[in-house]
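*Asks:* Here's my sequence, what's the structure:
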Amino acid sequence: MYVRGKYRDVSLSFTVRRRFDAVLKSTKQAMLRRMKFLGTHEVAERDGALRMARHLAFYGG
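*Replies:* Predicted structure coming up:
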């Protein structure tokens, strides 16, 4: 439930999320292809492969 006094908490979360989306946009399609590949081949350890797909130290988003 939305509470008027919590607006700042909610808007800050969405702002951070939007900025991550903007930073990661250029590699989104490569990331989706890599996720599909890893799922198809049932790869359990995905961390390194996902970082390589993003060319960043993180892959969230």
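*Asks:* from here on, contacts and neighbour counts on C-alpha atoms
*Replies:* Will do.
*Asks:* tell me the SS of Val43?
*Replies:* Classification of Val43 using DSSP: H, G, I helix; E, B strand; the rest coil returns coil.
*Asks:* Show me what counts as buried in the helix or strand hosting Met52.
*Replies:* Per DSSP states H and E, Met52 falls inside helix 47-54. Neighbour-count burial for helix 47-54, counted by 16 or more other CA atoms under 10 Å, picks out Ala49, Leu50, Ala53, Arg54.
*Asks:* same check, this time on stretch 30-38
*Replies:* When neighbours are counted by 16+ other CA under 10 Å, the buried residues of stretch 30-38 are found to be Met31, Arg34, Met35, Leu38.
*Asks:* Which of the residues you listed scores worst on pLDDT?
*Replies:* The lowest pLDDT within the buried residues of stretch 30-38 belongs to Met31, which sits at 84.
*Asks:* Quick check, that one in contact with Arg54.
*Replies:* Yes. Met31 is within contact range of Arg54, at 6.5 Å (criterion: CA atoms under 8 Å).
*Asks:* Show me the shaky parts of this protein.
*Replies:* 1-2, 7-8, 57-61 (pLDDT under 70).
*Asks:* Show me what the longest helix belonging to it is packed up against.
*Replies:* The longest helix of the chain (DSSP state H) is helix 7-24. Helix 7-24 sits against no helix or strand, with contacts defined as 3 or more CA pairs under 8 Å, 6 or more residues apart in numbering; DSSP states H and E.
*Asks:* the inter-axis angle of it versus helix 47-54?
*Replies:* Note on geometry: by axes from the mean of the first three to the mean of the last three CA atoms, to 10 degrees, helix 7-24 and helix 47-54 are set 80 degrees apart in direction.
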